[in-house]
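> Need the 3D shape of this:
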Amino acid sequence: MTTFDDVFSKAKSVAETAGKKTSEMIEVTRLKLQAAEMEKDIAAMLEGLGRLVYESRKEDADVAGKLDDCCLKLDERYAELVKVRAKIDEYRNQVTCKNCGAQNADDAVYCKRCGVKLSN
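Coordinates of the predicted model:
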């Protein structure tokens, strides 16, 4: 019976590992969708910011307060996006180069694309 117990134990271990990997893959997919939605929001905010600048120039209006508000909201959204991307990197055991955006192994010391020292 020892052989059967060993096979059963190994099968159980493989099933647990597969389940964990599947749940990680689902979480990464969810995070990617969240990041895509944030990028879409950012693009819309940038378009609105450009429209605001254009209209203020056209009408010679002072919209400094509105511009500041828009920029603050954009900064907040960019910060949220960075956090989501960092979570994705964590699941993938990767780190993103802050200089060029390349994906590197989490134990890499230097970026494989631009050579900048990575802060792990």
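> alpha carbons only for contacts and neighbour counts from here, please
Will do.
> which residue packs closest to the spatially most central residue of the chain, ignoring adjacent ones?
By CA atoms, centre = their mean, the mean C-alpha position of the chain lies nearest to Arg85, the distance being 1.5 Å. Closest residue to Arg85 apart from its sequence neighbours, by CA to CA, 6 or more residues apart in numbering: Ala35 at 7.1 Å.
> ok, that neighbour - contacts?
Listed by CA atoms under 8 Å, 6 or more residues apart in numbering, the contact set of Ala35 reads 81, 84-85.
> Could you dump these into a markdown table and include secondary structure, pLDDT and distance to Gly48?
Putting the contacts of Ala35 into a markdown table (DSSP: H, G, I helix; E, B strand; the rest coil; pLDDT from 0 to 100; distance: CA to CA, whole Å) gives the following:
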| residue | secondary structure | pLDDT | distance to Gly48 |
| --- | --- | --- | --- |
| Leu81 | helix | 96 | 19 |
| Val84 | helix | 96 | 24 |
| Arg85 | helix | 92 | 24 |
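> Val116: which of these is nearest?
Set against Val116, the nearest of these by CA to CA is Arg85 (19.5 Å).
> how close does the closest one get to Gln34?
10 Å (CA to CA, to the nearest Å).
> hang on, Asp106 packs against Gln94?
Yes: at 4.4 Å, Asp106 counts as touching Gln94 under the criterion of CA atoms under 8 Å.
> Between these two, tell me which one has more neighbours.
Taking other CA atoms under 10 Å, Asp106 and Gln94 do not tie; Gln94 has more neighbours (19 against 16).
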